[in-house]
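Visitor: how does the following fold in three dimensions:
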Amino acid sequence: MSRVITALSVSADGFITGRDPRPGHGLGDGGVLFDWYTSGDVASGLFPGFTLTAASAPFFDAVGGRVGASLAGHTTYSDSEDFAGGAPHPTAPLVVLSHHDLAPASERQHIVTTGLADAVSLAKRLAGDKDVALMGGVITTEALKAGLVDELVLHVVPVLLGSGRRYFHELPEHIGLDIVEVVPAPDVTHIHYEVRR
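Guide: Numbers count the residues shown, from 1 in each chain. Next comes the predicted model:
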């Protein structure tokens with residue numbers, strides 16, 4: 001059965017972008033969050049051009065190999081310039097949750113305007129026997145509030161960005177997490193949690 005996960009790079013102070021993220025400027029000044037994608041000499045088996053460290057590569061590919069569909073909010077989609085008509089994952093389709101009707105940039109993209117539950121439902125259908133990967137802090141927080149998230153993966157980069165968009169926003173109550181795995185690498189620490197039910 002398809003699970004809902006989120007696996008994002010995050011600064012040590014909790015930001016998934018730097019200052020001034022916007023269309024044409026992507027993550028603002030937070031590009032350092034992705035330096036670990038090309039800091040090693042082990043080629044990713046999934047993402048062309050990614051060369052990871054020996055510690056990061058198997059973890060990254062294992063998580064990425066589970067993804068059958070990605071789900072992003074409209075802000076992430078816009079700031080990423082519609083993912084150039086594609087999707088953030090090289091093989092998985094993209095579902096975009098938006099408050100406005102908009103035309104998908106390609107057949108790999110699907111726009112949902114009827115709410116988070118419908119977006120997750122479509123993403124699960126598209127994912128088949130694989131998992132749905134959430135992208136963006138607001139959509140992850142809203143999915144946590146709704147009890148829709150099964151696992152969290154934090155790729156914690158050792159930098160304090162000081163400002164930007166946060167990974168997690170305000171929640172109405174505590175959400176317990178169980179640690180599944182921690183993988184330290186030279187320039188990032190991968191922390192895999194299961195959401196406690």
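Visitor: do a quick rundown of the helices in this structure.
Guide: 56-65, 74-79, 116-127, 137-145 (DSSP state H).
Visitor: can I get those in TSV including mean pLDDT, mean neighbour count and distance to residue 45?
Guide: To be clear about C-beta, it is placed using only N, CA and C from the backbone, and glycine gets the same treatment. Shown next, in TSV, are those (pLDDT from 0 to 100; neighbours: other Cβ atoms under 10 Å; distance: least, Cβ to Cβ, whole Å):
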stretch	mean pLDDT	mean neighbour count	distance to residue 45
helix 56-65	98	19	5
helix 74-79	85	20	25
helix 116-127	97	20	19
helix 137-145	96	20	26
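Visitor: let me have those helices in a markdown table, extended by distance to residue 179.
Guide: Formatted as a markdown table, the helices of the chain follow (distance: least, Cβ to Cβ, whole Å):
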| stretch | distance to residue 179 |
| --- | --- |
| helix 56-65 | 14 |
| helix 74-79 | 27 |
| helix 116-127 | 25 |
| helix 137-145 | 17 |
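Visitor: would you agree residue 189 is in contact with residue 182?
Guide: Yes: Residue 189 lies in contact with residue 182 (Cβ atoms under 8 Å); the separation is 6.8 Å.
Visitor: contacts for stretch 111-125, please.
Guide: Stretch 111-125 has contacts (Cβ atoms under 8 Å, 6 or more residues apart in numbering) with 2, 4, 69-71, 95-104, 110, 132, 139, 142-143, 146, 148.
Visitor: again with stretch 176-191
Guide: Stretch 176-191 is touched from outside by 9, 35-36, 39, 53, 55-56, 59-60, 151-158, 192-196, with contacts defined as Cβ under 8 Å, 6+ apart.
Visitor: now stretch 91-101
Guide: Residues outside stretch 91-101 that contact it (Cβ under 8 Å, 6+ apart) are 46, 67-74, 77, 83, 86-88, 102, 104, 108-113, 115-116, 119, 122-123, 126-127, 130, 133, 139.
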